[in-house]
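A.B. asks: Please find the sequence and the predicted model below.
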Amino acid sequence: MEKLRDAHLCPHCSKLCCYVCIRRWLTEQRSHCPHCRASLHLHELVNCRWVEDVTHQLDTLQAAGSHARHDENERDRLGCTIHEEKLSVYCWSCRKTICHQCALWGGTHSGHTFKPLEEVYEQHANQVKDEVSQLRRRLMELFSLIQEVEHNVEFVRTAKDERVREIRNAVELMIARLDSQLKNKLVTLMGQKNSLTQETEQLESLLQEVELQLYSRTRSELIAHSGEILRMIHQIRKKPVSSFATVTVPADFNSEIVPGYDTGTFVMQQFTQLQHKADPVYSPPLQINGLCWRLKVYPDGNGVVRGHYLSVFLELTAGLPDPSKYEYRVEMVHQGTRNASKNIVREFASDFEIGECWGYNRFFRIDLLASEGYLNTENDTLILKFQVRAPTFFQRCRDQQWYINQLLNIQSQQAAQINELKEVTIP
């Protein structure tokens, strides 16, 4: 192989060439490969870093071969240590190189099989050369595999960058749609605000006019114009304030990435009696795409916090066999005023497996439940709400697909049972 400098490869015919040479060809001649004539541009060339390693390995092997031949020639020149003759015969029986006198009259090799040294040398040299050739091919194959892995690495990185670009474009479009939703909401709100602002400006102008009439006119003038002033005031008051009632614009924005929460409510009746039992109580199940959730509540606390804190946990009782992360919220309703801002809300995200609980051992102090307005002392009830969702629509669709497969399996089993019952004959 000729030595290549900064070797690059044509992606069409896989021919190697120096980068400087191919760059000169593509820029000064034509934009095609000089070997296969396929259209080619500089940015399409594949950088073959492994060629330099291959060249170095070949040079090392050639140098080693030259040294070996030099050593062999040096040994040949030394000759036989007994007769000081050139080593020219190979004793096949002794596996040893000897001179012709040792073979004919030495006595120690009597009756042995001899072969010309050159013939034996050629056989061994050819065998070694064949093995070296196999090693070189193996080395080339390994470097080729390395190149394939490098191409695979580049392909994977490019694919990842492409997904990132797609996601960014999709998110930008989602943000644009959110901006559009915001614009529509603000248009409605600004219309309401402008209407109210105009009315307040008219009212302020009238008040200034009336105050001017009240304090600048004489008594007789005020009496004479009081009817006109009252008519102006009555004209304004004739329009009820209720006509300016604004419509509340909801502060909700549709997310195309994160699904909404599914909600369950747990009303604990006779809470005081439940505290005395000190056993955990469970909410009605919340079914979501085949997943079954429920609250596990310790009214008198769990473990080391027993008697001091209300303990609340969320439990997954049925679902996918593999653990998955879900976001959840636990909310204790303030029953004193029904003011949602006073509700106690805890939210988190955890990896759930079937039968596993996650939540809060110290959710709220038991001695403050009644005084803070969360425990209704009249009917002895405590209200908890819990919400669960998959963190992405992708995971939610995965859960739905799993549930669909479960239903299809059940349907298939039931159909098979029906067919078996149909085949049963009554004697």
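C.D. replies: Yes, it's here. Residues are numbered from 1 along each chain as shown.
A.B. asks: Which parts of the stretch 101-250 of the chain are strands?
C.D. replies: Using DSSP state E, counting those that start in this stretch, the strands of the stretch 101-250 of the chain run over 114-116.
A.B. asks: helix/strand/coil for Arg294?
C.D. replies: strand (DSSP: H, G, I helix; E, B strand; the rest coil).
A.B. asks: residue contacts, it?
C.D. replies: Taking Cβ atoms under 8 Å, 6 or more residues apart in numbering, we find Arg294 in contact with Gly264, Tyr282, Ser283, Pro284, Pro285, Leu286, Leu314, Glu315, Thr317. Just so you know, the C-beta spots here come from the backbone N, C-alpha and C atoms, and that holds for glycine as well.
A.B. asks: Swap in 7 Å and give it another go.
C.D. replies: By Cβ atoms under 7 Å, 6 or more residues apart in numbering, Arg294 lies in contact with Tyr282, Ser283, Pro285, Leu286, Glu315, Thr317.
A.B. asks: What of Asn361?
C.D. replies: Under the criterion of Cβ under 7 Å, 6+ apart, the contact list for Asn361 reads Asn302, Gly303, Val305, Tyr309, Ser311.
A.B. asks: Now it: closest residue in space that isn't a chain neighbour?
C.D. replies: Ser311 (5.0 Å; Cβ to Cβ, 6 or more residues apart in numbering).
A.B. asks: my read: that neighbour touches Pro299, true?
C.D. replies: No: here Ser311 does not reach Pro299: they are 8.6 Å apart, not a contact under Cβ atoms under 7 Å.
A.B. asks: Filter the contacts of Asn361 down to the ones in strands?
C.D. replies: Residues of the contacts of Asn361 located in strands (DSSP state E): Tyr309, Ser311.
A.B. asks: those helices in the stretch 301-427 of the chain, which residues are they?
C.D. replies: Counting by DSSP state H, counting those that start in this stretch, the segments of the stretch 301-427 of the chain that form helices are 393-423.
A.B. asks: Can you list the low-confidence ranges for it?
C.D. replies: Residue ranges of the stretch 301-427 of the chain with pLDDT under 70: 425-427.
A.B. asks: next one: the stretch 101-250 of the chain
C.D. replies: The stretch 101-250 of the chain contains residues with pLDDT under 70 at 101, 103-107, 109-111, 242-243, 245.
A.B. asks: As CSV, the contacts of Arg294 with neighbour count and distance to Gln411 would be great.
C.D. replies: CSV is the format used below for the contacts of Arg294 (neighbours: other Cβ atoms under 10 Å; distance: Cβ to Cβ, whole Å):
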residue, neighbour count, distance to Gln411
Tyr282, 12, 30
Ser283, 21, 30
Pro285, 15, 22
Leu286, 20, 24
Glu315, 20, 28
Thr317, 16, 23
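A.B. asks: Now intersect these with the strands, please.
C.D. replies: Counting by DSSP E, the contacts of Arg294 place Tyr282, Leu286, Glu315, Thr317 in strands.
A.B. asks: Mind picking the one among the residues you listed that's closest to Leu189?
C.D. replies: Leu286 (35.3 Å; Cβ to Cβ).
A.B. asks: show me what contacts that closest one?
C.D. replies: Asp262, Gly264, Trp293, Arg294, Val388.
A.B. asks: got a pLDDT number for it?
C.D. replies: At Leu286, the model reports a pLDDT of 95.
A.B. asks: quick one: it and Trp293, what's the gap?
C.D. replies: 4 Å (Cβ to Cβ, to the nearest Å).
A.B. asks: and if you look at His32?
C.D. replies: His32 sits 65 Å away from Trp293, going by Cβ to Cβ.
A.B. asks: So between the two, which is more surrounded?
C.D. replies: Per other Cβ atoms under 10 Å, whichever of His32 and Trp293 has more neighbours is Trp293, with 23 against 16.
A.B. asks: quick one, domains of this structure?
C.D. replies: 1-73, 152-250, 262-407 (automatic domain parsing).
A.B. asks: can I have stretch 318-333 written out in CSV, keeping just the CAs?
C.D. replies: Extracted as CSV, the C-alpha positions of stretch 318-333 are listed here (Å, rounded to 0.1, in the frame of the first residue of the first chain):
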residue,chain,number,x,y,z
ALA,A,318,-52.3,-2.8,39.6
GLY,A,319,-50.4,-1.7,36.5
LEU,A,320,-47.4,-2.4,34.3
PRO,A,321,-44.8,-5.0,35.6
ASP,A,322,-41.9,-2.6,35.2
PRO,A,323,-41.4,0.4,37.4
SER,A,324,-42.3,3.8,36.0
LYS,A,325,-42.2,7.4,37.2
TYR,A,326,-45.5,9.2,37.8
GLU,A,327,-46.3,12.6,39.2
TYR,A,328,-48.8,12.9,42.0
ARG,A,329,-50.4,15.5,44.3
VAL,A,330,-52.1,15.0,47.6
GLU,A,331,-54.4,17.8,48.8
MET,A,332,-56.2,18.2,52.1
VAL,A,333,-59.4,20.3,51.8
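A.B. asks: How about residues contacting it?
C.D. replies: The contact list for stretch 318-333, computed with Cβ under 7 Å, 6+ apart, reads 261, 290-292, 312, 314, 343-354, 359-360, 364, 374, 383-391, 395, 399, 402.
A.B. asks: can you give me phi and psi for Leu45?
C.D. replies: Torsion angles at Leu45 (phi, psi; degrees, to the nearest 10) stand at phi -60, psi 140.
A.B. asks: circling back to that earlier point, identify the farthest-apart pair in the contacts of Asn361.
C.D. replies: Spatially, the most separated pair among the contacts of Asn361 is Gly303 and Tyr309, at 9.9 Å (Cβ to Cβ).
A.B. asks: The two: which is more packed in?
C.D. replies: Using other Cβ under 10 Å as the criterion, Gly303 and Tyr309 rank with Tyr309 on top: 21 against 9.
A.B. asks: Leaving out sequence neighbours, find the closest residue to the more buried one.
C.D. replies: In this structure, Tyr309 finds its nearest non-sequential neighbour in Arg362, 4.4 Å apart by Cβ to Cβ, 6+ apart.
A.B. asks: Surely the one you found touches Val305?
C.D. replies: Yes: at 5.6 Å, Arg362 and Val305 qualify as touching, with contact defined as Cβ under 7 Å.
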